[in-house]
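[1] Predicted model and sequence below, questions to follow.
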Amino acid sequence: MRTHFIQRSLALLLVFMTATAAHGAGQRWRTSPHPEAAGSGLSGACEDARNFLLGAASADITGPAAEVGMMGYGMVEQQTSGIHQRLRSRAFVIASPCNGKRVVFVSADLGMVFQAVKQQVVERLRARYGDLYTDDNVLLSATHTHSGPGGYSHYTFYNLTTLGFSPQTFEAIVSGIVASIVRAHERLAGGTLRLSSGELLGASRNRSPEAYLLNPASERARYARDVDTRMTLLRLTREDGTEVGFIDWFAVHATSMGNDNTLISGDNKGLASYLSEQAQGDGFVAAFANANEGDVTPNILGGTNGGGANDFEDTSISARKQYDFAAKLWAEAATPLEGGVDYRHTYVKMDAVDVAPSFADGTPRTTCPAAIGVSMLAGAEDGPGVGQEGVTCSGTGNAWGQFSCSLTTTPCQGEKPIALETGSMRPFPWTPEVLPLQLVTIGNLALVAVPFELTTMAGRRLRETVETALAPTGVTDVVIAGLSNAYSGYVSTREEYARQDYEGASTHFGPWTLAALQQSFDTLATSLRDGAGVPAGPTPRDLRGEQLSLQPGVVFDDKLLWVDFGDVVTDAKAAYARGDTVNVTFWGGHPKNDLHVEGTMLRVQRREAGGGWTDVATDADWATRYRWQRENCVPTLACSHVTVTWDIPADAAPGTYRLVHEGNWKSGWDGNVRPYSGASRAFSVR
């Protein structure tokens, strides 16, 4: 995230601080043995195994398309007002017959996967499948789009600028993720996995290059660039040759759309998935997952609103770079994965980790209660906020930094002047302190699932730690699966932290957070290598029912007396050429009345020879846009106009078309919600 959760909302922050200044509640912890105590799936019966059971599917997770704060940029005024493309959860179930183990990998078009989402997804899977799917073998990751509805965390900090918790958003996400996993489970069939990787250049740049340069010169000399340009792709193919799909990991922010965009969008990674799936068809599932993108921007052409210089154009450029390179890797994928599936999972109280000298600087260190630094308010270089980056307690003469440090800092947080100690809020911390760490191996591929955004060099160090521990098992590729299973800010290297750029100021648990992660993942990797178990760790909080919500609801929908819902306000022209844009405005209802999950708010239809109409596009397509706008119709403010837009593709078939809007309106008399639809005039496309 960029100009995040407090930018332009300091007054709102103070309100929440006052409202939650209450006595602390006791913490409940437990420690239990890890259920996985059998031998590693990388040896023995699985050593040369190449056969897997594979299933993949996707589902709709699009939340309310109007009047919900968006998740990512942390701006109160950035509220949803329509749909550019629907959001999807893409699930993959991979099982190894050689040892009977399986894993779920999900890539969801979300800003992040919050802890409550993972908790309730696993709870619902348990209700359906028993112990088949658990915390241990379910990995949920986010693409990190900043253009989706927010309000779906159970922790206050992440709901500050969304006016609290949004049950409708939360349910759309949880039920959609579960649906995608269930569908993938039901499609399990024998198949093989192949791996491919390569360097994608010109698709990313480091947005904090000065902080990166603080890393040791000898370490930087090992790498050609200050961002990870490596893309890793896993290709799934059934025994009969049917292509199931692929999972692609590439480190870059999904922030081509800026903080002035209010249309729901999967951003560059969502579009890349759409392009891949459209090209393959027939249920093909393409996930463009994220990695260590903490200091990596897609906006190679510049931009100052958090996104690119032109939201839609820059999104298309970034998406097509990723799509084209993934298509190349997919075609070249020839290296079969060998071995079984295995995994380790533990919960760690990240604010109280004792770090051994060997993982720190030769001295015993510890992590800290979660806190954000003053420089977090300043945002990142391509999305500036309030103040400036680099405000530190280092004594270098920065007047604002010294003043801030005189008011609030702790020795544990080092150079960080604290803006808010989220971990010390009452009755509950405002950000999670007990966090899941997960390591998954699929043959000789290892996935390091972290609930953070790691910077480029932080990701490299963590990968190297895991690679070293797993080397005897034959693991050849290690991928950081970022933004997974929960979320609690960034992780920078110790050297980058000292500068207190945006990423360092957003490293919640202090300067030795990365060292704590390396130590914990070394334990996970060693236990997996040796076939040993690991402690379950402390139980994370379940905060359902503890959320404050100021989300506006729909009281009723209104219209002028002489019109009906679905009637046209502004109609299409009689004829268009390819490349033109069609805009039609309808009298509509509020989209919160019905999210149309797995459906659509619009249809582009072509007339068939027999006189019927066939859909050629919906609100899931790149060429369409659904926009909602509140209208003042005296004596109420409850009227809505809906504008449906279609950019006619250059390859559109000539013929007769129309635009259709489908929605729901809420009665002020009985409170019932009723469907409606409307259609434009028929028009020709030449």
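    That came through, no problem. Residues are numbered from 1 along each chain as shown.
[2] Student question: in this protein, what's the helix or strand with minimum average pLDDT?
    Sorting the helices and strands of the chain by mean pLDDT, DSSP states H and E puts helix 10-19 at the bottom, at a mean of 36.
[3] Give me the next element, helix or strand, following that one.
    strand 52-60 (DSSP states H and E).
[4] what does the average pLDDT come to for the host helix or strand of residue 457?
    Element membership for residue 457, per DSSP H and E: helix 456-470. Helix 456-470 shows a mean pLDDT of 98.
[5] and the angle from the very next helix or strand once past it to helix 456-470?
    The helix or strand immediately downstream of helix 456-470 is strand 477-481, counting by DSSP H and E. Here strand 477-481 runs at an angle of 130 degrees relative to helix 456-470 (axes from the mean of the first three to the mean of the last three C-alpha atoms, to 10 degrees).
[6] Do you have the strands of the stretch 201-350 of the chain handy? List them.
    Here the stretch 201-350 of the chain has its strands, by DSSP state E, counting those that start in this stretch, at 205-206, 230-238, 243-249, 285-289, 296-297, 335-336, 341-349.
[7] part of a strand, is residue 526?
    No. Using DSSP: H, G, I helix; E, B strand; the rest coil, the assignment for residue 526 is helix, not a strand.
[8] got any ranges where this protein has weak pLDDT?
    1-43, 379, 381-387, 395-404, 406-407 (pLDDT under 70).
[9] Centre-most residue in it?
    Closest to where the C-alpha atoms of the chain average out (C-alpha atoms, centre = their mean) is residue 142, at 2.7 Å.
[10] check contacts around it.
    107, 108, 109, 110, 111, 112, 113, 290, 483, 484, 487 (C-beta atoms under 8 Å, 6 or more residues apart in numbering). Placement of C-beta: from N, CA and C, glycine included.
[11] One more pass at 6 Å, please.
    108, 110, 112, 113, 483 (C-beta atoms under 6 Å, 6 or more residues apart in numbering).
[12] cool, residue 408 as well?
    Residue 408 neighbours (C-beta under 6 Å, 6+ apart): residue 418.
[13] Give me the phi and psi for residue 430.
    phi -80, psi -10 (degrees, to the nearest 10).
[14] How much space separates it from residue 411?
    22 Å (C-beta to C-beta, to the nearest Å).
[15] out of those two, which sits in the busier spot?
    residue 430 (25 against 8; other C-beta atoms under 10 Å).
[16] Quick check: the gap between that one and residue 548.
    On the measure of C-beta to C-beta, residue 430 and residue 548 end up 12 Å apart.
[17] how big is the angle separating the longest helix seen in the chain from strand 243-249?
    If you go by DSSP state H, the chain has its longest helix at helix 311-332. Per the same axes, to 10 degrees, the angle that helix 311-332 makes with strand 243-249 is 120 degrees.
[18] Alpha carbons of helix 311-332, as CSV, please.
    Output of helix 311-332 as CSV, limited to C-alpha atoms (Å, rounded to 0.1, in the frame of the first residue of the first chain):
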residue,chain,number,x,y,z
ASP,A,311,-4.9,4.9,-14.9
PHE,A,312,-6.3,2.8,-17.7
GLU,A,313,-3.4,3.1,-20.1
ASP,A,314,-0.8,2.3,-17.5
THR,A,315,-2.8,-0.6,-16.2
SER,A,316,-3.0,-2.0,-19.7
ILE,A,317,0.8,-1.5,-20.3
SER,A,318,1.7,-3.3,-17.0
ALA,A,319,-0.8,-6.1,-17.5
ARG,A,320,0.3,-6.9,-21.0
LYS,A,321,3.9,-7.0,-20.1
GLN,A,322,3.1,-9.6,-17.4
TYR,A,323,0.7,-11.4,-19.6
ASP,A,324,3.1,-11.6,-22.6
PHE,A,325,6.0,-12.8,-20.5
ALA,A,326,3.8,-15.4,-18.7
ALA,A,327,2.6,-16.7,-22.0
LYS,A,328,6.2,-17.1,-23.1
LEU,A,329,7.1,-19.0,-19.9
TRP,A,330,3.9,-21.1,-20.1
ALA,A,331,4.9,-22.2,-23.7
GLU,A,332,8.5,-23.0,-22.6
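[19] what does it contact?
    Against helix 311-332 from outside (C-beta under 6 Å, 6+ apart): 196, 198, 200, 203, 231, 233, 235, 246, 248, 256-258, 261, 267-268, 271-272, 275-276, 288, 298, 308.
[20] quick check: angle from that helix to strand 230-238?
    Using the same axes, to 10 degrees: helix 311-332 against strand 230-238 is 60 degrees.
[21] Okay, buried residues for helix 311-332 please.
    311-312, 314-319, 321-323, 325-327, 329-330 (16 or more other C-beta atoms under 10 Å).
[22] Repeat that for stretch 259-274.
    Buried-residue list, stretch 259-274, by 16+ other C-beta under 10 Å: 259, 261-274.
[23] From these, pick the one nearest residue 166.
    residue 264 (13.3 Å; C-beta to C-beta).
[24] can you list contacts of stretch 251-264?
    Contacts of stretch 251-264 (C-beta under 6 Å, 6+ apart): 65, 73, 75, 78, 80-84, 143-148, 204, 228, 265, 267-269, 291-293, 296-298, 305-308, 311, 314-315, 318.
[25] Filter those residues down to the buried ones.
    65, 73, 75, 78, 80-84, 143-148, 204, 228, 265, 267-269, 291-293, 296-298, 305-308, 311, 314-315, 318.
[26] okay, now residue 601: neighbour count?
    27.
[27] Actually, residue 550.
    11.
[28] which non-adjacent residue is nearest it?
    residue 163 (4.1 Å; C-beta to C-beta, 6 or more residues apart in numbering).
[29] Ok, residue 370 next?
    Residue 370 sits nearest to residue 423 (C-beta to C-beta, 6+ apart), 3.3 Å away.
[30] my guess is that neighbour contacts residue 429, does it?
    Yes. Contact criterion C-beta atoms under 6 Å: residue 423 and residue 429 qualify, at 4.8 Å.
[31] How about the contacts made by the spatially closest residue to residue 613 that is not a sequence neighbour?
    Nearest residue to residue 613, sequence neighbours excluded (C-beta to C-beta, 6+ apart): residue 605, at 4.1 Å. Listed by C-beta under 6 Å, 6+ apart, the contact partners of residue 605 are 613, 615, 658.
[32] That concludes my questions; thank you for your assistance.
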